[in-house]
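>>> Quick one: sequence plus predicted model below, questions after.
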Amino acid sequence: MTMNLDLAPEDRAFRDEVRQFIAGVLPASLAKKVEEQRILTKDDHLLWQRALHKRGWAAPHWPPAHGGAGFTPVQRYIFQQECALAYAPRLIPFGLVMVGPVLIEFGSEAQKAKYLPKILASEEWWCQGYSEPESGSDLASLRTRAERDGDHYVLQGTKTWTTLAQYADRMFCLARTGSGGKKQEGISFFLIDMHAPGVTVRPIVTFDGKHEINEVRLDGVRVPVEDRVGEEGAGWTIAKFLLGNERVGIAQVAASKGQLARLKRIMAAEKLDSPIFRDRVAQVEIELRALEITELRIVTAEQQGRSPGPEASLLKIKGTEVAQAITELLVEAVGYDALPDRWRMNEGDNMPPIGPDYADSVAPYYFNWRKTSIYGGSNEIQRNIIAKAVLGL
Ligand SMILES: Cc1cc2nc3c(=O)[nH]c(=O)nc-3n(C[C@H](O)[C@H](O)[C@H](O)COP(=O)(O)OP(=O)(O)OC[C@H]3O[C@@H](n4cnc5c(N)ncnc54)[C@H](O)[C@@H]3O)c2cc1C
């Protein structure tokens, strides 16, 4: 599939520049790991993010005054496409995509000076402390408390599903500073030092056997007042601004294209030419194409200064459905060899994996990707948004 965008000469030149840059800095071994959807190490991520920083491209969405790349919407689209098609790692979003723009919009000058340069240079790893054991979709019901004690707040509570908190130096976090009134009121936005006394990170192992998410206990954690972003009680407004940024590039069209290309290579290697299977692959490809055109319509609107509304929900739903369908086709394409770790179950740890190289990551990827219809606002919640905002129900 080629890019469906009639590129102006300067955008074509930009695309070539991006391709050249990626070819020069992305190691083939790392691209292979991304293509095969293997878990990346912290160093893998840092290598890529620091290369982007060196080129001035670590933060496509930040204004240039704060070190952002200053891309136009079309350039951002091209950049995202080219990175995904070359199997570059996804940007870890918590610093660059989420809290960075929050600080630019709502942070004090001191917070900007202290945090933004380290986020840009990936010198500090951030994680997101929104969800709690009883508060996911209904985030405003969160119960972590922050009590004022002189020039500090003292935080008490539990955050959960916290992605890659095991690597994090800092966590941005919502906590309740007031009660009474609507549940959205009385929430404040804090920047927490993950190395502070009282912070405990406990792994949650997902059903692909990997450690990607965590529980974070906050037990009397002292947070200086200067690490509250915005006014006390203004956290919900900031939380919503941040969730808007979380949906940036949510459809993952280019990443799905990369996985579809991988599926076709595997089909060729497996000599899989059943017309029924090929028909199913074609159906997914058609859906992906339609999604890409929807995404391009949004890029065009952004280029004309309009910001996306409920379309983001549509992209999230359809993008995750297509991506999950591709993981299912991959499992079927490798057949019996997809059985996860069957050699371990039968033979103990000393046996090499059975089957072709490309097969052993297929099932873990299938299992792992179930998460995409849950995180970033579950697909049911996205449907509620469409029902309200588009259908007026
Ligand atoms: C892999 C992964 C990584 C994550 N990383 C982070 C992270 O780094 N930081 C963070 O803060 N959070 C993170 N999350 C949490 C994520 O945002 C929540 O899981 C999500 O918001 C859903 O909340 P919940 O799990 O509590 O489910 P619940 O809200 O309890 O929902 C359970 C089910 O009910 C449905 N449901 C709930 N309310 C409604 C409704 N009103 N209408 C229709 N259906 C409804 C949901 O769609 C879902 O199917 C992560 C989640 C996953 C799976």
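Okay, I see it.

>>> C-alpha only now, for contacts and for neighbours.
Fine.

>>> Around the ligand, pick out the residues from the chain.
Residues of the chain found near the ligand (C-alpha under 6 Å from any ligand atom) are 128-131, 135-138, 161-163, 371, 374-378, 380-381.

>>> cutoff 5 Å now
Residues of the chain lying near the ligand by C-alpha under 5 Å from any ligand atom: 128-131, 136-137, 161-163, 371, 375, 377-378, 380.

>>> Which of the residues you listed are buried, as a ChimeraX select command?
Command for ChimeraX that selects the buried part of these, burial taken from 16 or more other C-alpha atoms under 10 Å:
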select :128,129,130,131,136,137,161,162,163,377,378
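
>>> need the residues of the chain next to the ligand in CSV with secondary structure, can you?
Below are those laid out as CSV (DSSP: H, G, I helix; E, B strand; the rest coil):
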residue, secondary structure
128, strand
129, strand
130, coil
131, coil
136, coil
137, coil
161, coil
162, coil
163, coil
371, helix
375, coil
377, coil
378, coil
380, helix
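
>>> which stretches of the stretch 101-250 of the chain form helices?
109-120, 235-246 (DSSP state H, counting those that start in this stretch).

>>> Tell me which of those helices lies nearest to residue 37.
Of all the helices of the stretch 101-250 of the chain, it is helix 235-246 that lies closest to residue 37, at 21.2 Å by C-alpha to C-alpha.

>>> returning to what we had before: please tabulate the residues of the chain next to the ligand in CSV, including the columns pLDDT and distance to residue 301.
Formatted as CSV, those follow (pLDDT from 0 to 100; distance: C-alpha to C-alpha, whole Å):
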residue, pLDDT, distance to residue 301
128, 97, 30
129, 98, 32
130, 97, 30
131, 97, 32
136, 94, 31
137, 94, 29
161, 98, 34
162, 98, 33
163, 97, 32
371, 94, 30
375, 90, 26
377, 88, 24
378, 94, 25
380, 96, 26
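
>>> okay, how far is it across stretch 384-393, tip to tip?
Taking C-alpha to C-alpha, to the nearest Å, the first and last residues of stretch 384-393 lie 9 Å apart.

>>> Find the residue closest to the closest residue to the ligand within the stretch 201-350 of the chain in space, skipping its chain neighbours.
Using C-alpha to the nearest ligand atom, the single residue of the stretch 201-350 of the chain nearest to the ligand is residue 213, 6.1 Å away. Residue nearest to residue 213 in three dimensions, not counting chain neighbours: residue 163, with 4.3 Å by C-alpha to C-alpha, 6 or more residues apart in numbering.

>>> who touches that neighbour in this structure?
With C-alpha atoms under 8 Å, 6 or more residues apart in numbering as the criterion, the residues that contact residue 163 are 127, 128, 212, 213, 214.

>>> Give me the neighbour count for the last one.
The one in question is residue 214. Close neighbours of residue 214, defined as other C-alpha atoms under 10 Å, add up to 21.

>>> Next up, the contacts around it.
160, 161, 162, 163, 164, 165, 166, 201, 202, 203, 204.

>>> again, only using 6 Å
For residue 214, the contact set (C-alpha atoms under 6 Å, 6 or more residues apart in numbering) comprises 161, 162, 202, 203, 204.

>>> for the first one, same thing?
Residue 127 makes contacts with 94, 165, 168, 171, as judged by C-alpha under 6 Å, 6+ apart.
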